[in-house]
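Participant: Fold the following for me, if possible:
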Amino acid sequence: MLIGKNGIIGSAGQASETTKDVSEDEQLKLAVADALIYGTGTLTTDNVRQGLISEFGENKVTDTTFTGTGPWTFKGERKTYTIEKNGKITSEGTTTPQTGKSTLEQAKDDVTIFEKKETLEDKYGNKVVVPEGFKIAEDSATDVTGGVVIEDASDEPTKGSQFVWIPVGDVKTASGTENIKLSRYIFADGENDKGKDGSTVLPKGTPIEKGSADIPASYMVPITATETLISNGTSYNGFNEVADADVYEAFVSKTEDGGTKTKVETTGGYYIGRYEARRKETQITENGSDEIYNNITQPLASSTAKGMYTGKSFKSDLMNSYAWDTALVYLQTFDDRGEKGTPYSYQTSLNKDSSPDTKGTKELDPGKQDKICNIWDLASNCNEYTTETSSYQGAPAITRGITPQLRTGWTVSAGPFKSYSFRPLLVITE
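Facilitator: Next up, the predicted model:
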């Protein structure tokens, strides 16, 4: 670790002349190298402090920025770092730069392409986990309530694909805190659905948590995460979730944090496609300039969504009902449309006719565009498959989208039709 041309001491010597030009991460590595030199291979509180001072300056290493007796914590301008006794350095982008910008805003301004998974914060302290190979999109909001958009900046041919962060848990705002709970929901009709007291009629669109309950038996068999695609509709057997097992478990199994949280809750959110699925020839994308990926069956939509990204710290999959419903709660809570009128859970399609637009409603007049918190066409353009399947053999697939029961129920179909598409999601799994 210490000796040789490529060891810490050797690397520190080679980089000593360019310290001012390297990133904060590299300065931390040099500081630890300095500390190891001072301690002849052993890290102590005194020599770690001295190493930090040598690289960052005494005015940057205060009782507030440097704490601990091993492991040690150093709060830099861009990140908070943990230095282990063996010299290992880990970091989170949780500090606010001295420029006054949040780490999220700074990453957007810098057009930072992340080489590994990174946690950023918006100006209110809400976390966003950006996976490797992505950057913050040029037109992204800089706070979670407005729709944080990430963009694939490295992988061909998915480069340019965009996804929007759906926060889960407490979301801090300028005026307080809202809670977005991960669950399945129905949404009050404004006439019949009542509150817990049994007498007060809930306002139209009010989320009513249902979890796995109250899904019509004719629409669902017992939910099982499986890699097996659905039956072709010739029998009632084999109608299972078409979800990726790891992704589905991340939404439903409370295995994190001592068994009290799911993986998605621990991460603090997940991503959904900014658009209905697009394609470039036969390749799925989430690039708004590409054509709608429609006229597709649910099994093909499932396998296509799963195959969008593999071998990463995250997985892609077809939207499931937990992801869909929780996203709706988020959108209704932070609805940024001008004239809101009807709650978004009851929004009807804004298409100019019954046929979907090849590039979604973004091609229509502003008054006919379905955009909310940087997400396009969840309520318009196409019906969208989810991972759920029906026990009705004539129409085994579940779709959500532009039907009258847009958010308060389920519709079944067989497909393929030109009005049927899908939307991928991303979940941090590592």
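Participant: Leaving out the residues flanking it, which one is nearest to R423?
Facilitator: Excluding the flanking residues, the one nearest R423 by C-beta to C-beta, 6 or more residues apart in numbering is G273, at 4.4 Å. C-beta coordinates here come from the backbone N, C-alpha and C atoms, glycine included.
Participant: in the protein, which ranges drop under the pLDDT threshold?
Facilitator: Applying pLDDT under 70 to the chain picks out residues 1-22, 78, 93-99, 211-241, 340, 390-396, 402-415.
Participant: list the helices and strands the top helix by length along the chain packs on?
Facilitator: With secondary structure taken from DSSP state H, the chain has its longest helix at helix 24-38. Using 3 or more C-beta pairs under 8 Å, 6 or more residues apart in numbering; DSSP states H and E as the contact criterion, the neighbours of helix 24-38 among helices and strands are helix 8-15, helix 45-56, strand 80-83, strand 89-92.
Participant: can you give me the helices for the chain?
Facilitator: In the chain, the helices defined using DSSP H lie at 8-15, 24-38, 45-56, 103-110, 245-252, 263-267, 298-306, 321-333.
Participant: do you know which of the ones you listed lies nearest F417?
Facilitator: Distances from F417 to each of the helices of the chain were compared using C-beta to C-beta; the minimum, 11.5 Å, belongs to helix 298-306.
Participant: What residues sit buried inside the closest one?
Facilitator: 298-299, 301-302, 304-306 (16 or more other C-beta atoms under 10 Å).
Participant: Just the closest of these to D257, please.
Facilitator: For D257, the nearest member of these is K306. The distance, counting by C-beta to C-beta, is 26.8 Å.
Participant: Pretty sure the closest one sits against S316.
Facilitator: Yes: checked against C-beta atoms under 8 Å, the pair K306 and S316 is within contact range at 6.3 Å.
Participant: Can you work out which residues contact both of these two?
Facilitator: Common contacts of K306 and S316 (C-beta atoms under 8 Å, 6 or more residues apart in numbering): none found.
Participant: Quick check, A33 in contact with G51.
Facilitator: Yes: contact between A33 and G51 holds when scored by C-beta under 8 Å: they sit 7.4 Å apart.
Participant: Give me the distance from the longest helix of the chain to the chain's centre.
Facilitator: Here the centre of mass of C-alpha atoms in helix 24-38, compared against the chain's by C-alpha atoms, centre = their mean, to the nearest Å, lies 33 Å away.
Participant: ok, now stretch 161-175?
Facilitator: Distance, centroid of stretch 161-175 to centroid of chain: 9 Å (C-alpha atoms, centre = their mean).
Participant: What residues of it count as buried?
Facilitator: For stretch 161-175, a neighbour-count test (16+ other C-beta under 10 Å) marks 161-169, 171-172 as buried.
Participant: and the nearest residue to I53 once chain neighbours are set aside, how many residues sit next to it?
Facilitator: The shortest distance from I53 to any residue that is not its chain neighbour, by C-beta to C-beta, 6+ apart, is 4.9 Å, and that residue is V61. Residue neighbour count, defined by other C-beta atoms under 10 Å, stands at 20 for V61.
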